[in-house]
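Student: next input, structure requested:
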Amino acid sequence: MEENKTKQKYALVTGGSRGIGRAVCIQLAKDLDYSLLINYNGNREAAQQTLKEVKANGGKGEIIQFDVTDAEAVNKAFDLWHEANKNAIIEVIINNAGITKDGLFMWMKPEDWHNVIDTSLNGFYNVTNALIQKLLVNKYGRVINMVSVSGLKGTAGQVNYSAAKGAVIGATKALAQEVAKRNITVNAVAPGFIKSDMTAALDEKELKKMIPANRFGEAEEVANLVSFLASSRASYITGEVININGGIYS
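Tutor: As a prediction, this is how the structure comes out:
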């Protein structure tokens with residue numbers, strides 16, 4: 001236990017280079033004493049910008065490149081990272097990486113089905129499975145999965161995304177029960193319409209009519225919730241799906 005106190009503690013955010021992922025990295029830097037491990041797949045420049053903003057807010061961290069859908073690449077990246085950081089532990093895993101390929105199911109191409117599920121569901125497996133054993137040995141950890149209102153109520157034109165996020169919700173609840181005795185919590189955060197690259201093409205004026213709060217949410221609002229769940233203050237919350245959607249959930 002003594003050795004654990006001297007370890008450098010990290011929080012990993014997949015898809016941390018932009019949008020909600022970036023906002024989460026910045027909020028964690030402000031609120032918690034973790035070094036940030038900012039994952040990106042293709043946009044190194046955006047990841048560097050996130051790191052810059054983390055440092056500007058008094059935090060510290062580094063970037064790490066891998067595609068969450070590629071199990072071999074994920075394991076290799078973590079093996080190399082652990083080799084170079086022997087006195088460090090990743091205590092917080094935030095599975096934020098996700099993509100959308102919207103379209104009506106009858107016209108959905110196989111690749112649009114598989115790519116969306118690969119990123120959200122298999123990405124959750126590849127990253128969490130690679131690190132969960134270390135959390136169990138550590139006897140402390142936080143796993144936070146970014147899901148969606150689509151995974152709870154289903155959204156027309158998003159059968160693939162709804163399926164992927166719904167599956168992660170089920171996995172969240174099951175894994176929470178497996179690891180709770182080791183002081184590891186596993187929760188999901190389900191945003192509704194949040195201003196980001198992913199929602200930029202949507203008709204905000206029209207859509208906000210169906211949101212009781214009458215507006216899209218801000219990435220920072222989601223980040224505040226994630227930061228709380230990543231903290232020791234949320235130690236008795238596990239297996240939960242927390243909605244953050246301005247009252248839209250029905």
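Student: give the contact list for the residue nearest the centre of the chain.
Tutor: Nearest to the geometric centre of the chain sits Asn96, at 2.4 Å (Cα atoms, centre = their mean). Asn96 sits next to Val13, Thr14, Gly15, Gly16, Ile20, Gly21, Val24, Met146 when contact means Cβ atoms under 8 Å, 6 or more residues apart in numbering. Backbone N, C-alpha and C define where each C-beta goes, glycine included.
Student: what do you get if the cut-off is 6 Å, keeping everything else the same?
Tutor: The contact partners of Asn96, taken as Cβ atoms under 6 Å, 6 or more residues apart in numbering, are Val13, Thr14, Gly15, Gly21, Met146.
Student: how close does the residue nearest to the last one when sequence neighbours are not counted get to Ala23?
Tutor: The reference is to Met146. Among residues not flanking Met146 along the chain, Asn96 sits closest, at 4.6 Å (Cβ to Cβ, 6 or more residues apart in numbering). Per Cβ to Cβ, to the nearest Å, Asn96 is found 10 Å from Ala23.
Student: check Gly58 too.
Tutor: Taking Cβ to Cβ as the measure, Gly58 falls 16 Å from Ala23.
Student: after the lengthiest helix in the chain, next one along is what?
Tutor: Taking DSSP state H as the criterion, the chain has its longest helix at helix 159-179. Once the chain leaves helix 159-179, the next helix or strand it forms, by DSSP states H and E, is strand 184-191.
Student: hang on, the earlier thing: what helices or strands is the longest helix of the chain leaning on?
Tutor: In terms of contacts (3 or more Cβ pairs under 6 Å, 6 or more residues apart in numbering; DSSP states H and E), helix 159-179 is packed against helix 110-117, helix 149-153, strand 184-191.
Student: wait, which of these is closest to Thr6?
Tutor: Thr6 sits nearest to strand 184-191 of all the helices and strands packed on helix 159-179, at 20.8 Å, using Cβ to Cβ.
Student: give the rounded mean pLDDT of that closest one.
Tutor: Regarding strand 184-191, the rounded mean pLDDT is 97.
Student: do the same with stretch 106-126
Tutor: 97.
Student: rewinding a little: Gly58 and Ala23: which is more packed in?
Tutor: Ala23 (26 against 8; other Cβ atoms under 10 Å).
Student: how about that one, secondary structure?
Tutor: Three-state call for Ala23 (DSSP: H, G, I helix; E, B strand; the rest coil): helix.
Student: and if you look at the one 4 residues further on?
Tutor: Under the three-state scheme (three-state DSSP), the conformation of Gln27 reads as helix.
Student: list the residues that contact it.
Tutor: Shown in contact with Gln27 (Cβ under 6 Å, 6+ apart): Ala223, Ser227.
Student: for Thr155, same thing?
Tutor: Each residue near Thr155 by Cβ under 6 Å, 6+ apart is listed here: Ser162.
Student: element containing it?
Tutor: Going by DSSP H and E, Thr155 is not part of any helix or strand.
Student: mind listing what Glu111 touches?
Tutor: Contact analysis of Glu111 by Cβ under 6 Å, 6+ apart lists nothing.
Student: measure it to Tyr125 for me?
Tutor: Remark: distance between Glu111 and Tyr125 (Cβ to Cβ) = 20 Å.
Student: residues touching stretch 99-106, excluding its own?
Tutor: Contacts of stretch 99-106 with the rest of the structure, by Cβ under 6 Å, 6+ apart, involve Asp112, Val116, Thr119, Gly157, Gln158, Val159, Tyr161.
Student: burial measure for the second one, as a count.
Tutor: Meaning Val116. If you count neighbours by other Cβ under 10 Å, Val116 ends up with 24.
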